[in-house]
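Visitor: Here is my input, please return the structure:
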Amino acid sequence: MANRSQVTVVGLPARDEARTVGAVAQAADAGLHAAFPEGTNVVVLAENGSTDGTVQRFAETPLRARKVVASSGGEGTGKGTNVFAIVDRALELDADRLLLLDADVRSTEPRWIAALADAVEGDEPVLAVPAYRRNRFEANTTNHLASPLLAAVFGVHVQQPIGGEFAFNRAFLERTGAWPRPDSAYLYGIDVWLTANALRERVRVVEVPLGRKLHNSPFPKILRLPQQVLDSLFHVVLRTDAVREPAAGPAPARAAVDGAAVPQDPAVVSRVSESVARYLDAHRGDVRSLFPSAGSAPAAPWGLRVTTEDWPHVLADALAAVAGGRFEAARDHLVALYVNRVMTFWDEIEGLGDDEVDDLLDRQAAWTVEAVRDRRIALGGRTGPAGFDVRHWAGFNEVSPAWSVPA
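Guide: Below is the predicted model of the structure:
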């Protein structure tokens, strides 16, 4: 059990979350008071360019914990900007532990505080990540990119490596300052940057069951978020000495699919499919060259049918291309294939029970480990691009061509 008389900081990274930030802050406050009634408790809101009254709503929310607000401009900033600001405040406050809660979550519970805090007790660096149940039509970047790629490179299966509800102890906080920060880590790459670096340095990662997660659907960001996640992940991968052997023993069975299934907005799905089709038409030759495993993918109503059996080999193609010096092309083309994988997955799970969906995702991750191991991909010796640019996706999504991260 965590020491109950120390400094605990809960950080809320947010941008335009006025509708939910108050409830998340109150849940955090209730959890802090219950877990650390004699401790020094602080809730930090870090926001970047909110225009909907997020800061005012937080300021008006009654809390027993001390409140701190860290604000930055909206241009060239993102979730990572807010997380780094929270880390800085936690270090300034001499915090013994830091917990992060996404400000858009509608299912945050006070009990999460003690559960996450207890998981990072100790003097050695430790990272706590969430394990929760989610709508089967969500968590796509987690299920099809981050989780299987981390397992393939580092030999460790983490169900929710980019979940957002994280916890760090003091030793972990201090360790993060030594890790290179690619520009994408200031954006949506931050969560995988934390998890991948922890695995790279063999830091203990603890999965904490938190129940259901209900939040704003990230699907409208599907052409931006995974590109930033892959960028940060590939930067860490290139700093890794070699593909590692899987951890001893069977991977724990997944229990991540929630019984409530809410499909994505068909209009948004249609617009995304059209953008991806245009992208693939423009880059077809290079995609076929870098991703031979997708060369025989048959046509589907949404574009290409990329099956559970195909996808692990596509991910292995991506890692081989990154190791071979085609960082941005591998990253960007993989996003287009990933969207087709997501839509194929939705078709594959039609009529399946929750346990069957979990089992399918477990098989996909295990097959990815095997596919990457069989390639004998040599890592190290290369570095990724200095900055983050949407590069090949310029003109195919709604993001400006380049990001400029403030010094």
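Visitor: Pull the contacting residues for the residue minimising distance to the centre of the chain.
Guide: Nearest to the geometric centre of the chain sits Ile162, at 2.5 Å (CA atoms, centre = their mean). Going by CB atoms under 8 Å, 6 or more residues apart in numbering, Ile162 touches Thr141, Thr142, Ala146, Asp191, Val192, Thr195, Val229. (Glycine included, C-beta is placed from N, CA and C.)
Visitor: now Ala297
Guide: Here Ala297 is in contact with Leu304, Arg305, Val306, Asp310, Asn340 (CB under 8 Å, 6+ apart).
Visitor: what's the following helix or strand after the longest helix along the chain?
Guide: As assigned by DSSP state H, the longest helix anywhere in the chain is helix 266-290. Toward the C-terminus, helix 266-290 is succeeded by strand 299-300 as the next helix or strand (DSSP states H and E).
Visitor: so how far is Arg373 from Val276?
Guide: Val276 is 29 Å from Arg373, where distance means CB to CB, to the nearest Å.
Visitor: quick one: which of the two has more around it?
Guide: Legend: neighbour count by other CB atoms under 10 Å for Val276 and Arg373, higher for Val276 (25 against 16).
Visitor: my read: Gly53 touches Glu17, true?
Guide: No. Under the criterion of CB atoms under 8 Å, Gly53 makes no contact with Glu17, lying 9.9 Å away.
Visitor: now what about stretch 348-365, what contacts it?
Guide: Stretch 348-365 is contacted from outside by 136, 143-144, 147-148, 151, 157, 251, 253-259, 307-308, 311-312, using CB under 8 Å, 6+ apart.
Visitor: Now, the contacts of Ile162 that are in helices?
Guide: Thr141, Asp191, Val192, Thr195, Val229.
Visitor: Compute the number of surrounding residues for Asp94.
Guide: Counted with other CB under 10 Å, residues neighbouring Asp94 total 11.
Visitor: just the one 5 residues further on next, same as before
Guide: The number of residues packed around Leu99, counting by other CB under 10 Å, is 28.
Visitor: for this protein, what spans make up the helices?
Guide: Using DSSP H, helices in the chain cover 21-35, 54-60, 79-92, 111-119, 140-141, 147-154, 170-176, 190-200, 225-238, 266-290, 311-323, 327-348, 354-375.
Visitor: hmm, which of the contacts of stretch 348-365 are the buried ones?
Guide: For those, a burial check counting by 16 or more other CB atoms under 10 Å picks out 136, 143-144, 147-148, 151, 157, 251, 254, 256-258, 308, 311-312.
Visitor: quick one: low-confidence ranges for the chain?
Guide: Along the chain, segments meeting pLDDT under 70 span 1-5, 398-407.
Visitor: let's see 50
Guide: 399-407 (pLDDT under 50).
Visitor: Identify the residue nearest the residue nearest to the centre of the chain in space, chain neighbours excluded?
Guide: Spatial nearest neighbour of Ile162, chain neighbours left out: Asp191 (3.8 Å); criterion: CB to CB, 6 or more residues apart in numbering.
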